[in-house]
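Asker: sequence and predicted structure below; questions after.
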Amino acid sequence: MKISDIIKPIAVLVCICLVVTGTLAYVNSVTQPIITKAEEDEAAAARKEVLPKADNFTPIEKKLPEGVLDAYKADNGSGFVFTVSEKGYGGDIKLICGLNPDGSVCAVKTLSHAETSGIGSRVADNQSGYGKNYTGKTSKDYEEVDALSGATISSKAYKKAVGDAFKAFDAVKEAQ
């Protein structure tokens, strides 16, 4: 066996890997701005959905409580929107919560979750209507919302996420 019989296949594989890697890098550079724009548009639509009276939103650049991913203030003073995340039974539950200027919940929407299908997902699913139980609630009475039977851990995570939004509201309303 000659040394070239060993080196030739290795060289071919290295060339193939370089071409594939270069192609993937190029495709990523082309699609990444499109993906980022789509995510930004989706987030803007979710903010508008949970605080429909708002015209535009300005991000709040302030240290936020743990569990709060971002915060926005409606430019017309109609309230605040917070993206929050808490650990549920199957993984993180990511919510977007719109709060009116008086601190009451305007609406809550699930952005993503990894809860068990059929049980925990009843809490996190937007179609289930569980989030509507928080509409109109304030930091003083949101804990009165009952957990769903069989999905206690998911319900507690959802409730904690809404509580995180109230903590963020208290932190940002004083700074405004």
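Answerer: It's in.
Asker: alpha carbons of the helix or strand of the chain with the lowest mean pLDDT, as CSV, please.
Answerer: In the chain, no helix or strand scores lower on mean pLDDT, DSSP states H and E than helix 121-124, which sits at a mean of 71. Extracted C-alpha coordinates of helix 121-124, given in CSV (Å, rounded to 0.1, in the frame of the first residue of the first chain):
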residue,chain,number,x,y,z
SER,A,121,-49.8,22.3,27.4
ARG,A,122,-53.4,23.2,28.5
VAL,A,123,-51.9,25.9,30.7
ALA,A,124,-49.4,27.2,28.1
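Asker: use 6 as the first number from now on
Answerer: In the new numbering, first residue 6, that becomes helix 126-129.
Asker: that helix: what's the following helix or strand?
Answerer: helix 157-180 (DSSP states H and E).
Asker: which parts of that following helix are buried?
Answerer: For helix 157-180, burial by neighbour count (16 or more other C-beta atoms under 10 Å) applies to 158-174, 176-177. Any C-beta I mention is one placed from the backbone N, CA and C, and that applies to glycine too.
Asker: helices and strands around that helix, which ones?
Answerer: strand 73-79, strand 85-92, strand 97-104, strand 110-117, helix 126-129 (3 or more C-beta pairs under 8 Å, 6 or more residues apart in numbering; DSSP states H and E).
Asker: out of the ones you listed, which is closest to residue 137?
Answerer: Among the helices and strands packed on helix 157-180, strand 110-117 comes nearest to residue 137, with 7.9 Å by C-beta to C-beta.
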